[in-house]
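*Asks:* Fold the following for me, if possible:
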Amino acid sequence: ALTWYALDDPNDPKLDELAAQYRLHPLHIEDCRSHNERVKSEETDEYLFYILKYILSVDHGELTLGTISLFVGRDYFISVRDSRHSNDCVLDRARQAPAEPPPGKLLYIIMDTIVDSFFPSIDKSDDSIDTLEDRVLDEPSPETVEAIFDQKRKLIELRRVLVNTRDACNSMLRDPTDLIPDELYPFFRDIYDHVLRLLDSVETLRDLLNNTLDVYLSSVANRTNQVMKVLTV
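*Replies:* Okay, the predicted model is just below:
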C-alpha cells in the first residue's frame, strides 16, 4: 500500500526520520532545505528524487516561484514544499485522485499540474506584449521601455525554469526505471511535449519583445529628427 508523506516545511524533523527510515541520501535532504536549487531529477536504486518549480503569482512582470521536492519510492511518496508557500494548490489535484494512485501516478499528476501552471502566465505575457506594441507607436515613453524590460526579465526566468524542467523530463524518458510503470510513460511524454510547446511560446514572445523595442527606438529617433528639423528651420 502507498504511504504518502506530505511535509510543508523542509526543516520538519519528520524529514530526518523519513531519511533514516527509507535511506534517503543526505545530499538530497540538503537540496530539499536549500532555497536556491534548480529544477533537477536524480535516480537511485531505491527511489527517484525531483526538485520542481511552479508559478505562484505574477506581479508587474515579476515571477514568484514555488518549490517542491519529491521522493518517489516503490511503496512510498514524500513531498516537501517550501514553508514560505505552503498554502498553494499544487497538491490539490493529487489529493483529489479518486483512487489511491501508485507513486509513479502521483508524480505524473503533480508534474502535469506544475507544467499546466505556466500556460496562464504565457497567455498573460502575450496580452501584455500586444498592449506594449500599441503603446510604442502611440505614446513612446520611459515607462513603456520599463514595461518592456520587465517582460523580458519575466521571460528569461520562465525560460530558465522550463529548460531545466525539459531536461528533467528528458532524463526520465531517456532512462526508464521500474519505479514508474510502463503504461505511464506516454503520459510523461505528453508532459514533455507541453514543456516544448511552452518553450516555443517563450522564444516567440522574446522575439516579439525585441521587435517592440526596435519599433520604440525607431519611433523615438523619428521624433528626435522632427524636433531637429523644426529647430533647424
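
*Asks:* What are the boundaries of the strands in the protein?
*Replies:* Counting by DSSP state E, one finds strands in the chain at the ranges 3-7, 40-43, 48-59, 62-72, 76-81.

*Asks:* Okay, now the unreliable bits of this protein?
*Replies:* Along the chain, segments meeting pLDDT under 70 span 1, 58-62, 84-88, 221-222.

*Asks:* What are the boundaries of the helices in it?
*Replies:* In the chain, the segments counted as helices under DSSP state H are 13-22, 26-32, 92-95, 103-116, 118-138, 142-174, 185-232.

*Asks:* so of these, which one's packed in deepest?
*Replies:* For the helices of the chain, the largest average neighbour count (mean count of other C-beta atoms under 10 Å) is found in helix 103-116, namely a mean of 21. Yep, even glycine has a C-beta here, placed from its N, CA and C like the rest.

*Asks:* Need the CA coordinates for that helix. CSV is fine.
*Replies:* Provided in CSV are the C-alpha atoms of helix 103-116 (Å, rounded to 0.1, in the frame of the first residue of the first chain):
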residue,chain,number,x,y,z
PRO,A,103,3.8,6.7,-6.5
GLY,A,104,4.5,7.0,-10.3
LYS,A,105,1.0,8.2,-10.9
LEU,A,106,1.3,10.8,-8.1
LEU,A,107,4.5,12.0,-9.8
TYR,A,108,2.7,12.4,-13.1
ILE,A,109,-0.3,14.2,-11.6
ILE,A,110,1.9,16.7,-9.8
MET,A,111,4.2,17.3,-12.8
ASP,A,112,1.3,17.8,-15.1
THR,A,113,-0.3,20.3,-12.6
ILE,A,114,3.0,22.2,-12.4
VAL,A,115,3.5,22.4,-16.2
ASP,A,116,0.0,23.5,-16.7
